[in-house]
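Enquirer: Structure for the following, please:
(one chain, ligands or ions: 1)
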Amino acid sequence: MKNKKIKTILAIDTSCDETSAAITKENKIIANKVWSQSSLHANFGGVYPSLAKRKHEERIDFVINQALKRAKTDFRKIDAIAVTIGPGLAPALEVGIKKAKEISNKHKKLVFPINHVESHILSPLINKDKKEIKNLLPALGLVVSGGNTQLVLIKKIGDYKTLANTIDDALGEALDKGARALGLGYPGGAVLEKIAKKYEGEDKNPLPIPLVGKEALGKFSYSGLKTALVRLIEKTKKEKGDLTKEDIIRLAYFYQESAFEHIERVISFIIKNQKHKVRSIFVGGGVAANNNLRKKIRKIARENQIKILFPPKKSLCTDNAAMTGVCCFLKIENNTIKPKDPEKIDRVPKLKIS
Ligand code: KG4
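Expert: Next up, the predicted model:
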């Protein structure tokens, strides 16, 4: 089959702790099945790779069959397979890739290897028509997830330049670690958001904003902020015996504020100092579900008169295979991807976008 004729895709994503399969047609979602393992990893305070692998193996057939069933289709009617090859956890990625190879062998389907960060970055383009997409570019793409925090220039689909990257923790990972330090459980981003909303005080932020004044470096950093939070928790406990409910609310609020203000400063700096005039900013990844962060980035977009796009539904911020399928289609349409011999496809845990 000629690449340009490929429309209906079976997409598979097992990059971290969500086992997901989707059926997409062009850049629309027909079915998207996500099975989250996150509650199983809660006791470890983060994703436990061998457990993730085992659970993906247990669930992969189920999610694929569910996606096919919901789409009222079967393997014969699929034009190609898109599978995430990285970045992600090697043992987890392996499960999706192995399954893609197996289906390809059995049903003679082409396989396209997909970059997970690129899927997140292009996820706001789900359902958008070709002309609309053309008018949105060049754009900035921001991915804020559990494993990645990166800002890229999207010259066109498939042509990117990294403008800022994290030098230590990802934003989602930092929120998860902060929530854990405050005793709020895992994954912590959404809980932290809920708790922080309760804060009504007017204190000065006791936590630092990472790399303040160093925005020109084009870097994100979160480990120092996390350490500052842990130290403050220890100090408060020493003084009071334990954290009160009010302390937890206040610290959750300021931790989130510092973390988001850092993102805001780097984006603002980069927009103001970009040689290319960008027309829009695309935001994807689990933390893009956060209303507070959305508000802050909307403000930057307004001030700079650029458009801002998030995935059409909040459920499409966290890992899902629908964005993998749509990313594959958009790249086929733009001639920036080719199918790969399934036998030569391997996981690339540290895959880069540019
Ligand atoms: O995109 P995702 O599923 O992971 C990777 O691809 O790495 O995102 C998961 C991350 C977790 O760190 C989780 O705490 C965070 O997204 N998250 C949130 C919210 N919902 C999920 N962070 C802040 N606010 C939320 N509402």
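
Enquirer: who in the stretch 1-150 of the chain is up against the ligand?
Expert: 16, 145-147 (Cβ under 6 Å from any ligand atom). Every C-beta, even on glycine, is put in place using the N, C-alpha and C of the backbone.

Enquirer: Closest to Phe260 out of these?
Expert: Distance to Phe260, by Cβ to Cβ, is smallest for Ser145 among those, at 14.7 Å.

Enquirer: and the closest one, what are its phi and psi?
Expert: Torsion angles at Ser145 (phi, psi; degrees, to the nearest 10) stand at phi -130, psi -170.

Enquirer: can you check Asn335 too?
Expert: Main-chain dihedrals, Asn335, degrees, to the nearest 10: phi 60, psi 40.

Enquirer: Check it and give its pLDDT.
Expert: Asn335 is assigned a predicted lDDT (pLDDT) of 95.

Enquirer: is it fair to say Ile29 lies in a strand?
Expert: Yes: Ile29 sits within a strand when classified using DSSP: H, G, I helix; E, B strand; the rest coil.

Enquirer: quick check: longest helix of the protein.
Expert: helix 245-273 (DSSP state H).

Enquirer: can you count the residues close to the residue of the stretch 51-200 of the chain found nearest the ligand?
Expert: At 2.1 Å from the ligand, Gly189 is the closest residue in the stretch 51-200 of the chain, using Cβ to the nearest ligand atom. Gly189: 27 surrounding residues under other Cβ atoms under 10 Å.

Enquirer: what's around the spatially closest residue to it that is not a sequence neighbour, how many residues?
Expert: Leaving aside its sequence neighbours, Gly189 sits nearest to Leu175 (Cβ to Cβ, 6 or more residues apart in numbering; 4.2 Å). Neighbour count of Leu175, defined by other Cβ under 10 Å: 32.

Enquirer: How much space separates Leu175 from Pro210?
Expert: Per Cβ to Cβ, to the nearest Å, Leu175 is found 13 Å from Pro210.

Enquirer: what residues are shared contacts of those two?
Expert: Jointly contacting Leu175 and Pro210 under the rule Cβ atoms under 8 Å, 6 or more residues apart in numbering are Ala259.

Enquirer: before we move on, the earlier item: let me know the secondary structure of the residue nearest to Gly189.
Expert: Looking at Leu175 with three-state DSSP, the answer is helix.

Enquirer: right, and it touches Ala259 too?
Expert: Yes: the pair Leu175 / Ala259 is scored as a contact, 6.6 Å apart, by Cβ atoms under 8 Å.

Enquirer: Look up which residues are beta-bridged to the residue nearest to Lys69 when sequence neighbours are not counted.
Expert: Among residues not flanking Lys69 along the chain, Ala31 sits closest, at 7.9 Å (Cβ to Cβ, 6+ apart). Note on Ala31: beta-bridge partners Ile23, judged by DSSP bridges.

Enquirer: For stretch 234-250, C-alpha coordinates in CSV please.
Expert: Provided in CSV are the C-alpha atoms of stretch 234-250 (Å, rounded to 0.1, in the frame of the first residue of the first chain):
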residue,chain,number,x,y,z
GLU,A,234,11.6,18.8,57.7
LYS,A,235,12.0,22.3,59.3
THR,A,236,8.3,22.6,59.9
LYS,A,237,8.1,19.1,61.4
LYS,A,238,11.0,19.9,63.7
GLU,A,239,9.2,23.1,64.8
LYS,A,240,5.7,21.8,65.1
GLY,A,241,6.0,18.0,65.4
ASP,A,242,4.1,17.5,62.2
LEU,A,243,2.6,19.3,59.2
THR,A,244,-1.0,20.6,59.8
LYS,A,245,-3.6,20.3,57.1
GLU,A,246,-3.1,24.1,56.5
ASP,A,247,0.7,23.6,56.1
ILE,A,248,0.1,20.9,53.4
ILE,A,249,-2.4,23.1,51.5
ARG,A,250,0.0,26.1,51.6
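
Enquirer: Please spell out which residues along the helix or strand Ile97 falls within are buried.
Expert: Assigned by DSSP states H and E, Ile97 belongs to helix 90-107. Within helix 90-107, the residues that count as buried by 16 or more other Cβ atoms under 10 Å are 91-101, 103-104.

Enquirer: how about the helices in the chain?
Expert: Using DSSP H, helices in the chain cover 38-41, 49-70, 90-107, 116-122, 130-136, 171-181, 189-196, 223-240, 245-273, 291-303, 322-333.

Enquirer: now the last one against helix 90-107, angle please.
Expert: Read it as helix 322-333. Angle of helix 322-333 versus helix 90-107, following axes from the mean of the first three to the mean of the last three Cα atoms, to 10 degrees, is 60 degrees.

Enquirer: Check the second one too.
Expert: Angle of helix 49-70 versus helix 90-107, following the same axes, to 10 degrees, is 40 degrees.
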